[in-house]
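Colleague: Give me coordinates for this.
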Amino acid sequence: MVTKPNEAVRLLNFNSSVNSKIVKTKNHHTFLLRCRDDNTVPNGLKRRSPIHTDNPFIFKILHQASSRILKVQVQQLRRKKASLENYEVQQPPAADKPIGKTIRHETYTKKTVINLSSKQLTTAQTSLLCKGLKFVPTCSNIKTDEYIIGIESGLQQLAPNGNIDYLRHQIADLIKQSPKQRSNLSPQERKAINELRNDKNITITEADKGKAAVIMDTPDFHDLVNKTLSDTSTYKILPKDPTAKLERQHKKTLKTLHDSNQINCV
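Modeller: Alright, predicted model coming up:
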């Protein structure tokens, strides 16, 4: 039996709505887990004293109450996430396999992932891309030496009196004492990162509107870029990089405004 077009559209909209709720719930759950691990309470969950007081004992009680509310909220979101995932699985479209595949595929891709390539994305790859191109995976092991080397250039400004070694050791101790971060990706999603990174046949970019992840075949992407740049009414070839000239003009303009007291040094 083939599902009627209206029924297919209804199921697609339903599954898309459920998938959107799952993504939002996962993001909210991940955020609250980080707050819990860092012993930080979001402003929306903080309990405040109804009267003005500086009593530290009262602040301690309020913080403990806020922390308990945070833990309860984490548990509720975990149950909600599991319920939504199970609910989506229990709502298969009553259609033949081709229509079912299309509906399930568009369930994931609508609004968050748009696959225009010939590559069939796996569930883990789609789940990873649904998190957005600005999503930052947590690092399980912090490389202390590399971190210190990265801030070495700023140590002189942070320690003007010459106590660079002391500050370096303080930073290293803070890193070592910091709690181990909880992974915000599943093992399959971490594997999907390498799979997508090493696949040179596709190009992943961000949509102009909606911040969706767009997957295209690399040749098609290059053709699109070349076609866009060939529009002489919008773009033109420059004989050289104008950045240095623009910087000089910018500095000259700022100096003129400063000398005429139209701007200050703040």
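
Colleague: can you give me the helices in the chain?
Modeller: Secondary structure of the chain by DSSP state H: the helices cover 5-37, 56-89, 97-109, 123-130, 144-150, 155-158, 164-177, 187-198, 218-229, 243-259.

Colleague: Of those, which stretch is the most buried?
Modeller: helix 123-130 (a mean of 21; mean count of other C-beta atoms under 10 Å). Just so you know, the C-beta spots here come from the backbone N, C-alpha and C atoms, and that holds for glycine as well.

Colleague: Show me the one of the helices of the chain that comes nearest residue 116.
Modeller: Residue 116 lies closest to helix 218-229 among the helices of the chain, at 7.4 Å (C-beta to C-beta).

Colleague: tell me which strands and helices the closest one is in contact with?
Modeller: Counting contacts by 3 or more C-beta pairs under 8 Å, 6 or more residues apart in numbering; DSSP states H and E, helix 218-229 packs against strand 202-206.

Colleague: tell me how far the strand it packs on is from the chain's mean position?
Modeller: 16 Å (C-alpha atoms, centre = their mean, to the nearest Å).

Colleague: next one: stretch 220-235
Modeller: 29 Å.

Colleague: and that stretch, what's its mean pLDDT?
Modeller: On average, the pLDDT along stretch 220-235 is 89.

Colleague: Ok, stretch 117-131 next?
Modeller: 89.

Colleague: Also stretch 182-202?
Modeller: Mean predicted lDDT for stretch 182-202 stands at 91.

Colleague: could I have it exported to PDB, CA atoms only?
Modeller: Presented in PDB, the C-alpha positions along stretch 182-202 are these (Å, rounded to 0.1, in the frame of the first residue of the first chain):
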ATOM      1  CA  ARG A 182      31.900  14.700  29.800                       C
ATOM      2  CA  SER A 183      31.800  13.800  26.100                       C
ATOM      3  CA  ASN A 184      29.100  15.500  24.200                       C
ATOM      4  CA  LEU A 185      29.300  13.100  21.200                       C
ATOM      5  CA  SER A 186      28.600   9.400  20.900                       C
ATOM      6  CA  PRO A 187      31.400   7.100  19.700                       C
ATOM      7  CA  GLN A 188      29.600   6.800  16.300                       C
ATOM      8  CA  GLU A 189      29.400  10.600  16.000                       C
ATOM      9  CA  ARG A 190      33.100  11.000  16.800                       C
ATOM     10  CA  LYS A 191      33.900   8.400  14.100                       C
ATOM     11  CA  ALA A 192      31.600  10.300  11.700                       C
ATOM     12  CA  ILE A 193      33.800  13.400  12.200                       C
ATOM     13  CA  ASN A 194      36.800  11.700  10.600                       C
ATOM     14  CA  GLU A 195      34.600  10.100   7.900                       C
ATOM     15  CA  LEU A 196      33.200  13.500   6.800                       C
ATOM     16  CA  ARG A 197      36.600  15.200   7.100                       C
ATOM     17  CA  ASN A 198      38.400  12.700   5.000                       C
ATOM     18  CA  ASP A 199      35.700  12.400   2.200                       C
ATOM     19  CA  LYS A 200      37.100  14.700  -0.500                       C
ATOM     20  CA  ASN A 201      34.100  14.000  -2.800                       C
ATOM     21  CA  ILE A 202      31.800  16.200  -0.800                       C
END
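
Colleague: sorry, back to before: now render the helices of the chain as CSV, adding distance to residue 46.
Modeller: Output for the helices of the chain, formatted as CSV (distance: least, C-beta to C-beta, whole Å):
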stretch, distance to residue 46
helix 5-37, 11
helix 56-89, 5
helix 97-109, 36
helix 123-130, 30
helix 144-150, 31
helix 155-158, 31
helix 164-177, 25
helix 187-198, 32
helix 218-229, 47
helix 243-259, 43
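
Colleague: Many thanks, I have nothing further to ask.
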